[in-house]
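In: sharing a model prediction with you, sequence too.
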Amino acid sequence: MREKESPDRVSSDTFSDRETERQAEPVLIDQMREDDCPAVHSLLTECFSRPWSVKSLEEMFVRQGYHNLVARTDGRLTGYIGILAAGDQADIINVAVTAPFRRQGIGERLLSALLALAGEKGICQIFLEVRRSNRAAIRLYEQAGFARTGIRKDYYEEPVEDALIMAWDGQ
Ligand SMILES: CC(C)(COP(=O)(O)OP(=O)(O)OC[C@H]1O[C@@H](n2cnc3c(N)ncnc32)[C@H](O)[C@@H]1OP(=O)(O)O)[C@@H](O)C(=O)NCCC(=O)NCCS
């Protein structure tokens, strides 16, 4: 997956009622703020071999087309998702949940909130790339309605691996 966001704020209330029953601690899905960049960078460093730098993350706040959400658990940043939109299409640039908080529904909530936000923005198609071996992410996307549409040979580095291309057509 290409790893890049939106300065317009989403009210926390928009998502705060979507608590997942599996979660022990309350999780808030919220608009990412510029001062979240260092924490998002740390999360991406935990999850990816080539994480976005803090500077790259900050640039999203001065460019058009980025929409970013974060998950906060007891105030701690535990998840992140971002898209880059152009017209009525968008690419998911990053999805990550910190390891101790995985399998608690946070990834699913981030993706579902992002798809709802995309709908509000008039985005009707979303694409992504995912490592072929990343079963957890592929299942997450399939559950959310993404379909496999192709392969990009040797797309990833460190380690080299094919990417599965997946697409979502807004419902
Ligand atoms: C992929 C990732 C974001 C999922 O986040 P998560 O909060 O653990 O996901 P959820 O708990 O919301 O799980 C939603 C669904 O995804 C699938 N899933 C998640 N983790 C899985 C795993 N380890 N094995 C198999 N399926 C998994 C399941 O279908 C799950 O639904 P279920 O719990 O009802 O079975 C997380 O594993 C992660 O950050 N991985 C490292 C970064 C990464 O690979 N990002 C994707 C880049 S393309």
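Out: Ah, there it is.
In: ok, the residue in the chain that the ligand sits nearest to - contacts?
Out: Relative to the ligand, the nearest point of the chain is G107 (2.5 Å; C-beta to the nearest ligand atom). Using the backbone N, CA and C atoms, a C-beta is placed for each residue, glycine as well. Residues near G107 by C-beta atoms under 8 Å, 6 or more residues apart in numbering: 79, 95, 97, 137, 140.
In: same thing but at 10 Å, please
Out: Contacts for G107 (C-beta atoms under 10 Å, 6 or more residues apart in numbering) come out as 71, 79, 81, 95-97, 101, 136-137, 139-141, 143-144.
In: equivalent analysis for S49, please.
Out: Listed by C-beta under 10 Å, 6+ apart, the contact set of S49 reads 156-159.
In: repeat that for 7 Å
Out: By C-beta atoms under 7 Å, 6 or more residues apart in numbering, the residues touching S49 are E158.
In: what do you get for K121?
Out: When contacts are counted by C-beta under 7 Å, 6+ apart, K121 touches 67, 85.
In: for the biggest helix by length in the chain, buried residues please.
Out: Longest helix of the chain, by residue count under DSSP state H: helix 106-120. Within helix 106-120, the residues scored as buried using 16 or more other C-beta atoms under 10 Å are 106-118.
In: what helices or strands is the helix or strand following that helix leaning on?
Out: Using DSSP states H and E, the helix or strand that follows helix 106-120 in sequence is strand 125-131. Judged by 3 or more C-beta pairs under 7 Å, 6 or more residues apart in numbering; DSSP states H and E, strand 125-131 is in contact with strand 89-97, helix 135-143, strand 147-156, strand 161-169.
In: most tightly surrounded among these?
Out: The highest mean neighbour count among the helices and strands packed on strand 125-131, using mean count of other C-beta atoms under 10 Å, belongs to strand 89-97: a mean of 22.
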